[in-house]
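Visitor: Quick one: sequence and predicted model below, then my questions.
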Amino acid sequence: MKGRNELRCFWLLALVLMGNMALGQVKVSGTITDAKSGETLVGANVLELGTSNGTVSDINGHYEITVSDANATLHFSFVGYRPVEIAINGRTKLDVRLEPGSVLEEVVVVGYGTTQTKDLTGSVIAINEEDFQRGNISTPEQLVMGKIAGVKINTNSGLPGGGSRIRIRGGSSLNASNDPLIVIDGVPVDNAGIAGSANALNLINPAEIESMTVLKDASAAAIYGSRAANGVILITTKKGVAGKFRVEYSSTNSLSQNPFNYGVLTADEYRQLVNEKGTNKQISLLGTANTDWQSQIYRTGLSSQNNLTFSGGLSALPYRLNVEYFHNEGILKRSLLNRYGASINLSPSFLDKSLRLDVNGKFSRTDNVFADQGAIGAAVTFDPTKPVTTDTSYNVGGTQQNYGGYWEWVLSNGKPNALAPKNPLGLLMQRDDLSSVNRFIGNTKLDYDLPFLEGLTATMNLGLDLSRSSGSVYVPETAASAFHRGGVNNVYEQSKDNKLFELYASYSRDLPDNGRVELTGGYSYQNWLTKSPAQADMNALGDTISPPGIPFETENTLISFYGRLNYTYKGRYLLTATLRNDGSSRFSPDTRWGLFPSLALAWRISDEPFMADSKTSLKLRFGYGVTGQQDIGNDYPYIPNYDKGTPTAQYQFGDKFYTVLRPDGYDANIKWEETASFNLGLDIGFMNNKFNAMVDFYNKNTKDLLAVVPVPAGTNFTNRIFTNVGSLTNTGLELTLNYIAIDNATTRLEFNLNGSWNRNEITNLNQSGDPNDPGILVGGIPGGIGNTVQIHAIGYPAYSYLVYQQVYDDQGNPVEDSYVNLSGDDPTDITPGRSDLGLGDQYIFDGTPEARFFSGFSTYLGYKNWTFSMTMRAEFGAYIYNGIAAQRGYFRAIDPQSGSYLTNLTRDYYRSQFYDGDVTQFLSDYYLERGDYLRMDNLTVGYDFGEVLNGVNLRISGVVQNAFLITGYSGIDPEVNGGIDNSFYPRPRIYSLSFNLNF
Amino acid sequence: MRQHKYFPFILVALLAFSFSSCFQDLNLEPKYGLNAGTVYENPDNYINVLAKLYAGLSMTGNQGPAGDADISGIDEGFSSYLRVLWNLEEVPTDEAVVGWNDPGLPELNTLEWVATNPWSSAMYYRIFFQITLCNEFIRETDPQKLSDRGFSEADKARIAVYRDEARFLRALSYYHALNLFGDAVPFVTTQDKVGAFFPEPTSRENLFNYIESELLDLEKGLLDPVPGFDAENYARANKAAAWTLLAKLYLNAEVLAGQPRWNDCAGYCQKVIDAGYTLEPEYKNLFLADNHNSQEIIFPVTFDGLRSKTYGGTTFLTHAPVGGRMSPDSFGINTGWAGYRATKGLISQFDAVFFTDDFQDGPGEWNVPANGSWTYDSDAGAMSYNSVAGDYANDGFEIQGAPENNRQIEITFAASKFARFIDTTAIDSLNDGGYLAIGTGSGPDKVFHFIKGGHYSFRMNTGNITSIRFYGKNARYLLDRVNVVYRDQDERFLAFVKGQNYEIYEIGTFTDGYAIAKWRNITSTGAVGSDPTGDFVDTDFPLFRLADVYLMYAEAALHGGGDKSSGLAYINLLRQRAKAPQVSDYDLDFILAERARELYWEGQRRSDLIRFGKYAGDSYLWPWKGGVMEGTAVPDFRKLYPIPEADLAANPNLTQNPGY
């Protein structure tokens, strides 16, 4: 302990010591204009290189900045213009002309500071607003889908505001979170989700995001230490700019439609099948209606996203104020998201701009109506020969019941058959599942150029991320889905408080012999507190079904010290070294502190004299670093806790009931997992950077994996525990190509293509070192309770499929109950098995839910006032388990409970002709299908009307999202996170029309 | 620059602030619950920890019914100690099959499980969850520790009893371990602290002796037996519970440790019998929602529809066998789960029930001549049979088989119709259920005219009938649920046969095999259990009850361990309660059959069959044993379950049971 304290004290000391060296300051001013038209540019950014010292041009295009010394270099940038860097060389007046065009060299946000693209040593990609996906986008991460090599973003479903799965260079964890760390304006946010919200990120208005930067490799991410193993996404929101008062109004109005239905039997096909093959009882259960249940539950959703922004500067106070109203109807009837947002940014400066304040406040309120997604599965399953509504009522204990008028399967006593699927429309219409979530994310950042040392800036960042949610679920007592419990009338609440305090300082100076050094060091404190009160479970009449249990409260704190050294020699040899020391309350005092170092080197080859005249730019990057992961969903895994049972889990002695106290399993030595990774990258630009390529090769080794593994029986109060065990690797290659085909006064044509390969492999999985580890079964499937189709096994990728190998007849149709004998007792079968797993004739399929290769392709064409753009995404090599076909693709699935109700089949039955459905069949590789696809995410046509009224500019664009999908997958959508296709909310096709007015 | 000078001081102040918050904030503890250090400082907490040790037999986690599970690797609802134990003891026998597709269950039906079977794994981990928790509690209730904590003498005395109860529960779990897994299991006691180590197994004899010596020692400290509901201590293991467990240990001693102990078995049975327990007057009441009142139950595992909610235990036992035509209402539950039935192996232990069918379905599998046609009138909820005009000699349906004397047929008609019985030598009387039924004629032409719809039952006065025919006279008549049931008089026969086949053609079809209507969530007075939603059940599970002790005594007596005439008397007490004929003598085969009749679906069958040498091999076959409908031999190693592969990988000191 003592040694660690000393280390931390060293950091603080270093901070203070840096204050003891001082140099003089220089004030520079000038005007920034458009190089072509000569117009002044309002709100252009001016930054002193290597510092966070910056300003923006005012309404007259004028800027004024106090820099650390007379040899400083200033970086000028403005959206839509090529940035320039100019050394001031003692000048105090510097007018700048910016060329319109693409932004190739720009300032990117990295952890605790900014740098220039050309000076990057790590694998860092920034995507700015102009390259974002467009249209009806409800949540920020969708803005960069398909845009970044190595970053795989898949929406979970078509739910309005629904979440996404973000994987940066594969998953480096097994059971701990594989989500990247998300940092908004310097505040690492909790993306663990909040009760009542489909996705914690949907509380952030995508329209207010200026750029998103992804730190992919360890050398870039290690400054975030124990949370960075899965990469870091830095979100920068739009800031106020000094200048004249500006108003911008944008409105995007959309229609969403369900593009595909599951292929199930029509009513006539179903009747024909049952009459042909069913028993008399089954035939007698058939109805006469023709109902397409899927068309009953979906609708055309209307959405409208409206943003009104005011910006400008009141004397020295640049400000930006945005209000948002977003109404987003889902395609599933009743599903709805309403968001009301407001954000404010103030960026005043004081003391001759040596003290700069940046205040951000983002408030949003989302009101959700969650449709009962059980209706999606029910619509596939429900007997198509039954009508939607009925006048029939049933006598239940003397009362007439008609279940809201929806046709339902009832028992002879008139009560709903609890095992039978419920009327899909009845499920939707008889459930009010409402929530409202308020979230405030705010930070105040103070930059202070310390007067006693030139080049030293101290920064303090105070951040808050507060969420308050509440929700209610109401189902009337007459609804069949909750009839036996008398309906539902429940409420819930949750609060989350995330507090941040950061203090860091950066110092830069030029050294003799063309060297330059930049140092950053700091301290960070972050605390997360989540609370939910206990609530009773009640029926619709307010009768208590279960009394409140135990309230929920959990808290964790992370304290960190970090430092970074950037050293540049002759402007072409670059070195970045970082070190972070993290202490987490999640681990015991003996294991809670961890060190995360990184080192990166880059060589700008094209700046060497021998390439001085070349039109090629070339940079080689190498990085190595260690990052961690600690997000295991339990804040106290090392404490031997006695857990109190709820009032419904008591035990009776005599006539009294006693609350139980249970010792929980714990691991006193648990700590974070560590991912050591290296990255080798090459950045190439040809033809004066008209053609750019970036190639990265990486290897990530995670050891001390946080995994849930069996503990030796008799040694702990549980049979499986979260502990550090095993290791896995991710190896991959990324390629990004960018080509500007045409770039002249009227036309610009640009292509972007990225592609990524990743291979994941588990290299160890147990504590005893047993190579015959049976693996850990994962990947629950809908058939049976607890059946799994996936496995974590040594030597295979995580979530590999463990299946039986189907035998096919001469026509290529599967033969029921016939699987290839892999254990070797039949010499005619030569397929190698995995008998050492002791799992019978199951084998590990060559192909996992994760794509081996994924790619994004974007083009942009601007011609005069017209713009055309599109984004496509493709994935190859993933396999999807078609759980719906497995569940509803055999004849006996028509009658799951021996004559009490009927259910529909998928059309796959016509191919398989399976009669019976046993577990072996559910686990047949027949149901593994290639998940290759090509999807056009986005197709945009825009026209800029320019000035339509005095001072008012108008731009109109039309967008089609999810325009088409090309796939051989037989389900509705191969983009299934986790690979197991059960019923899920279809991704809509969306047609939008946007208006953008500014004046 | 003057105005800047105070900023560094603010910075320093902030640094100081951050220093102060640096280090304490990392020591965070859970807000709710207690930790191992504090829980044992308060004498009032001990009973709550003890409650968990008992709840380990019934509940699946700390939230009830689901959530915060005790063990993982299997669906939480499945993971209840009793539910897993019940499945391992019943499903691989003639008493039960389950039609569900959940992992590992189908292989239990056919005795074809592999070493990764989640049910045997769950049992194994459940057992060691109990043992580890008991070890901790026993360690923490050491008299020296209690004295060190400064507890009062009264508290110390009270906690000393809890401690022996924890030792009892540990012995119970070790008994299950030895019974199900043999001696391949790890052996951990209070000496083994929580943490990363690799426990070692011990020998069969050592484990047996350990359980025996523990029980002999701890029983002295337990509460005295109190038959019936004891408002103070009901459901706590008392001396009689320990004696019963000892009797069971000795009963199976030859199987478990290679040495028979019949004298000891009979001796401890006698101690229990002498403790004052008496048979519940009505057999069926033992399995109802108010069975806590029974004087027969020695050691129950308790459940409550409101306060002890679980998907295991009796909630499982009540819901899981209800399906087909069974009305959930009559079980006090909202819905059946339509999974479990009995094979004819169990049914044939009772006297002759052949088949039945419900004509709501039409002819179905029934032996109905092909003439005529059936139509279903869904509005009336009835099946109409249109016979060929004038040709009733070849219409109708017939009952085949060889019912013994005095058996009953029940037929329900929807409306007044004519019907004719042929071969009426079988018909003794016609009980009209309150309605008029007039019989005319005799011999093969005896005709009954059913004047009103209703329930009619027939008794046959002679045995050895091979065929009863029942023909419609009119061209058309309405039949509503014409159910034909031969019912054994033995009141222990609580099968539901309407719409169920006697044979099990497909295990996945609920209507194949008779259903068992033994467990209900209704009280002996007909009231429904406490949970208004009908989900969770109040019925307690009688883990040990007097009838079992009677039969154990009678069995030991055959082996010379007790007095056979007393054994016969105990058997006849059970048969008297069941209204079954008295017997004058008995042998081992009779004991095994009588145990099936008395104790079926109470989680004992596998152990009984093993003890009688009829579980493995081919000396006794039942449907689907070994994976074929008619049953086939299974190898001997099936008498023990496999050690989970996961634990073999986690603990290098373990070896697998042979055969797996």
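Guide: It's in. Numbering: from 1, shown residues only, chains lettered A, B, ... in the order given.

Visitor: so where is chain A shaky, pLDDT-wise?
Guide: Applying pLDDT under 70 to chain A flags residues A:1-24, A:36-38, A:50, A:52, A:79-80, A:100-106, A:191, A:315, A:768-769, A:823-840.

Visitor: Please enumerate the helices of it.
Guide: Ranges of helices within chain A are A:2-18, A:218-221, A:267-277, A:280-284, A:293-297, A:374-381, A:424-429, A:883-888, A:908-912, A:919-922, based on DSSP state H.

Visitor: Mind giving me the packing neighbours of the third one?
Guide: Put plainly, it is helix A:267-277. If contacts are counted by 3 or more CB pairs under 8 Å, 6 or more residues apart in numbering or on different chains; DSSP states H and E, helix A:267-277 sits against helix A:280-284. Glycine gets a C-beta too; all of them are placed from N, C-alpha and C.

Visitor: how about 10 Å then?
Guide: Judged by 3 or more CB pairs under 10 Å, 6 or more residues apart in numbering or on different chains; DSSP states H and E, the packing partners of helix A:267-277 are helix A:280-284, helix A:908-912.

Visitor: Contacts only, for the residue positioned nearest the centre of chain A.
Guide: Residue closest to the mean C-alpha point of chain A, counted by CA atoms, centre = their mean, is A:Ile166 at 3.8 Å. By CB atoms under 10 Å, 6 or more residues apart in numbering or on different chains, A:Ile166 lies in contact with A:141, A:144-145, A:151-154, A:178-180, A:182, A:191, A:201, A:214, A:230-231, A:233.

Visitor: Distance check, it against A:Gly158.
Guide: 18 Å (CB to CB, to the nearest Å).

Visitor: For the buried ones among the contacts of A:Ile166, write the corresponding ChimeraX selection.
Guide: Buried subset of those, written as a ChimeraX selection, criterion 16 or more other CB atoms under 10 Å in any protein chain shown:
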select /A:141,144,145,151,152,153,154,178,179,180,182,191,201,214,230,231,233
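
Visitor: among the contacts of A:Ile166, which are in reach of chain B?
Guide: Among those, no residue is within reach of chain B (CB under 10 Å from any CB of the partner chain).

Visitor: among the contacts of A:Ile166, which are in strands?
Guide: Here DSSP state E is the test, and the contacts of A:Ile166 give A:151-154, A:182, A:214, A:233 as lying in strands.

Visitor: so A:Asn338 makes contact with A:Asn306?
Guide: No. A:Asn338 lies out of contact with A:Asn306 (CB atoms under 10 Å); the separation is 11.7 Å.

Visitor: can you list residues touching both of these two?
Guide: Counting by CB under 10 Å, 6+ apart, the contacts common to A:Asn338 and A:Asn306 are A:325-327.

Visitor: Show me which of the residues you listed is closest to A:Thr117.
Guide: A:Phe326 (32.7 Å; CB to CB).

Visitor: I'd assumed A:Leu203 was in contact with the closest one.
Guide: No. The pair A:Phe326 / A:Leu203 is not scored as a contact, 11.1 Å apart, by CB under 10 Å.

Visitor: Wait, a helix at B:Tyr210?
Guide: Yes. Counting by DSSP: H, G, I helix; E, B strand; the rest coil, B:Tyr210 is part of a helix.

Visitor: And for it, nearest residue in space, chain neighbours not counted?
Guide: B:Tyr174 (7.0 Å; CB to CB, 6 or more residues apart in numbering or on different chains).

Visitor: Please confirm that that neighbour is located within a strand.
Guide: No. Looking at B:Tyr174 with three-state DSSP, it is helix, so not inside a strand.

Visitor: isn't it right next to B:Ser213, touching?
Guide: No. Using CB under 10 Å, B:Tyr174 is not in contact with B:Ser213, being 11.5 Å away.

Visitor: Of those two, which one has the most company?
Guide: B:Tyr174 (26 against 11; other CB atoms under 10 Å in any protein chain shown).

Visitor: ok, the more buried one - contacts?
Guide: Contacts of B:Tyr174 (CB under 10 Å, 6+ apart): B:127-128, B:130-131, B:134, B:185, B:187-189, B:207-208, B:210-211, B:214-215, B:249.

Visitor: So which of those residues are in helices?
Guide: Applying DSSP H to the contacts of B:Tyr174, the entries found in helices are B:127-128, B:130-131, B:134, B:207-208, B:210-211, B:214-215, B:249.

Visitor: Now the residue nearest to the centre of chain A: closest residue in space that isn't a chain neighbour?
Guide: Counting by CB to CB, 6+ apart, A:Ile166 lies nearest to A:Ile153, which is 5.1 Å off, once chain neighbours are set aside.

Visitor: got a list of what the one you found touches?
Guide: By CB under 10 Å, 6+ apart, A:Ile153 lies in contact with A:133, A:141-147, A:164-168, A:233, A:856, A:873.

Visitor: Mind picking the one among these that's closest to chain B?
Guide: A:Arg165 (23.6 Å; CB to the nearest CB).

Visitor: and the spatially closest residue to the closest one that is not a sequence neighbour, how many neighbours?
Guide: Nearest residue to A:Arg165, sequence neighbours excluded (CB to CB, 6+ apart): A:Asn977, at 4.4 Å. Close neighbours of A:Asn977, defined as other CB under 10 Å, add up to 17.

Visitor: Surely A:Asn977 is in contact with A:Ser164?
Guide: Yes. Here A:Asn977 reaches A:Ser164: they are 8.5 Å apart, a contact under CB under 10 Å.

Visitor: Scan the shared contacts of A:Asn338 and A:Asn306 and report the most crowded one.
Guide: In terms of neighbours by other CB under 10 Å, the shared contacts of A:Asn338 and A:Asn306 top out with A:Phe326 at 26 neighbours.

Visitor: Return the residues in contact with that residue.
Guide: By CB under 10 Å, 6+ apart, A:Phe326 lies in contact with A:136-138, A:160-161, A:202, A:205-207, A:252, A:303-307, A:337-341, A:364, A:366.

Visitor: let's go with 6 Å and repeat that
Guide: Neighbouring residues of A:Phe326 by CB atoms under 6 Å, 6 or more residues apart in numbering or on different chains: A:305, A:339.

Visitor: do you know how far it is from B:Arg139?
Guide: 59 Å.

Visitor: Thank you, goodbye.
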